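S.K.: Provide a 3D model corresponding to the input given below.
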Amino acid sequence: MRYTVRISVEVPAGRDDLDPVRAGGGVRRVLERVSSIAAIEGPDGVRVLLRAAEAREHRRGVLVDAVVEAPSAAVAETGMRLALARLLLELPETRSWQVAGCSAGPADAPPAPVAARRHVLAHAPMLRAFGAEMFGAEEDGGDPDLTGLLAGSLLVGAAAVLDGLYRDLAVLREGETTGELFGSRVFGALPAPVAFRCDPAFVRRFLLVAGTGAHRLVQPFWQPPTSFAEALAVRAMFRAGHDHLVCHRLLNGPVRCFGTLVANTLDSAHVERLALLDAETDPFGDPDDPWSLSTWFDPVDPEFAVHPYGRSPVPV
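M.R.: Model prediction:
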């Protein structure tokens, strides 16, 4: 059966966005290598036949669309994902790039942007915590579905971040830290001195407060994240939602909505500390202090509650 496979290839989290020249060069080299593939050996030796492929740049890397013949969508997706990951390692200019997402569907399905738009808009009613005013969406206009796309993208982004955290926890062994993970959506964006101090106990606590942050989106009112760790998780969800819209070409042009959203939904103290983290500075004290990361779970205000598991007084 014939399937369409879409693969998003990105520079590692924490790296600067690509300029048009670097992105365009990546598109050319990736497309050259993908187009040279005749067949791919998928799971259990099943062959995947490549029939057509195209690639285009986005701000974080390259988006590849391929038409393949395979016994199932799962085989098509796995075969293409593994093949492209191997090709990236073979090219010096893309060796540090990584496959950030991959999906497959019947070749006669609606065009990818149409199907992706329906998927995101279907999630929009789930966002009850706030409306378009928090996005400042009226400033950007141009698409009658923009408000729905922005709202739905937050739920799509929340699912992507939570799935990523569960995967991180599943592969992280006791004694290891998140600095040793490859392709982590959240921890890959942390400065190395911080990431190499986040152990499985920290990830378990972070996953719990991330779930709390996601739940706030579906509540009938908005309460900002109470801890820095939760604010970091919520911002990661916002960014994942934005990246989803960009990768699937669902935005008519650049929008300022997500920067506005962070400023409007997070406590100003958390916004300031996130800026320090982006500057590769630990937002709290001495990096050698064994309690330093635990302060990420302290409430920004004594009147606010943090889940007792997140507040666990175990140094991490």
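S.K.: Outline the domain layout of this structure.
M.R.: 2-109, 115-297 (automatic domain parsing).
S.K.: all strands for this structure, in order.
M.R.: Using DSSP state E, the strands of the chain run over 2-10, 39-41, 47-58, 61-69, 98-106.
S.K.: looking at those, which has the lowest confidence?
M.R.: In terms of mean pLDDT, the lowest-scoring of the strands of the chain is strand 39-41 (a mean of 74).
S.K.: Just checking: what are the partner strands of that one?
M.R.: Here strand 39-41 has these sheet partners by DSSP bridges: strand 47-58 (antiparallel).
S.K.: follow-up on the earlier one: of all the domains of the chain, which lies closest to residue 307?
M.R.: Counting by CB to CB, residue 307 lies closest to domain 115-297 out of the domains of the chain; the figure is 5.8 Å. Bear in mind the C-beta positions are built from the backbone N, C-alpha and C, glycine included.
S.K.: just to revisit the earlier point, closest one to residue 310 among the domains of the chain?
M.R.: Closest among these, using CB to CB: domain 115-297, at 4.6 Å.
S.K.: what ranges do the helices span in the stretch 201-316 of the chain?
M.R.: 228-247, 257-265, 268-278 (DSSP state H, counting those that start in this stretch).
S.K.: Kindly compare burial across those helices and name the winner.
M.R.: Counting by mean count of other CB atoms under 10 Å, helix 228-247 has the highest mean neighbour count of the helices of the stretch 201-316 of the chain, with a mean of 24.
S.K.: packing partners for that one?
M.R.: helix 112-123, helix 146-171, helix 200-217, helix 257-265, helix 268-278 (3 or more CB pairs under 8 Å, 6 or more residues apart in numbering; DSSP states H and E).
S.K.: And these: which comes nearest residue 130?
M.R.: Nearest of the helices and strands packed on helix 228-247 (CB to CB): helix 257-265, 7.2 Å.
S.K.: what would the helices of the stretch 201-316 of the chain look like in JSON lines with distance to residue 125?
M.R.: JSON lines is the format used below for the helices of the stretch 201-316 of the chain (distance: least, CB to CB, whole Å):
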{"stretch": "helix 228-247", "distance to residue 125": "15"}
{"stretch": "helix 257-265", "distance to residue 125": "18"}
{"stretch": "helix 268-278", "distance to residue 125": "28"}
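S.K.: would you turn those into JSON lines with mean pLDDT and distance to residue 158?
M.R.: Output for the helices of the stretch 201-316 of the chain, formatted as JSON lines (pLDDT from 0 to 100; distance: least, CB to CB, whole Å):
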{"stretch": "helix 228-247", "mean pLDDT": "90", "distance to residue 158": "4"}
{"stretch": "helix 257-265", "mean pLDDT": "92", "distance to residue 158": "13"}
{"stretch": "helix 268-278", "mean pLDDT": "89", "distance to residue 158": "17"}
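S.K.: For residue 179, which of those is the nearest?
M.R.: helix 268-278 (14.7 Å).
S.K.: thinking again about what came up before, and the domains of the chain, which one averages the lowest pLDDT?
M.R.: Among the domains of the chain, domain 2-109 scores lowest, at a mean of 75.
S.K.: quick revisit: would a markdown table of the strands of the chain with distance to residue 76 be doable?
M.R.: Formatted as a markdown table, those follow (distance: least, CB to CB, whole Å):
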| stretch | distance to residue 76 |
| --- | --- |
| strand 2-10 | 4 |
| strand 39-41 | 9 |
| strand 47-58 | 6 |
| strand 61-69 | 5 |
| strand 98-106 | 5 |
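S.K.: Residue 162 is nearest to which of these?
M.R.: Using CB to CB, the nearest of the strands of the chain to residue 162 is strand 98-106, at 14.9 Å.
S.K.: sorry, back to before: out of the helices of the stretch 201-316 of the chain, flag the one nearest residue 65.
M.R.: Nearest to residue 65 among the helices of the stretch 201-316 of the chain is helix 228-247 (11.2 Å), distances taken as CB to CB.
S.K.: and the closest one with helix 268-278, angle?
M.R.: Going by axes from the mean of the first three to the mean of the last three CA atoms, to 10 degrees, helix 228-247 is angled at 70 degrees with respect to helix 268-278.
S.K.: returning to that earlier point: kindly present the domains of the chain as JSON lines, with separate columns for distance to residue 309.
M.R.: Listed next are those as JSON lines, based on distance: least, CB to CB, whole Å:
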{"stretch": "domain 2-109", "distance to residue 309": "26"}
{"stretch": "domain 115-297", "distance to residue 309": "5"}
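S.K.: quick one: residue 158 and residue 104, what's the gap?
M.R.: As for residue 158, its distance to residue 104 is 23 Å (criterion: CB to CB, to the nearest Å).
S.K.: So between those two, which is more surrounded?
M.R.: The neighbour count for residue 158 versus residue 104, taken as other CB atoms under 10 Å, is higher for residue 158 (28 against 24).
S.K.: what sits against that one?
M.R.: 213, 214, 217, 237, 240, 241 (CB atoms under 8 Å, 6 or more residues apart in numbering).
S.K.: Same check on residue 175?
M.R.: When contacts are taken as CB under 8 Å, 6+ apart, residue 175 is in contact with residue 199.
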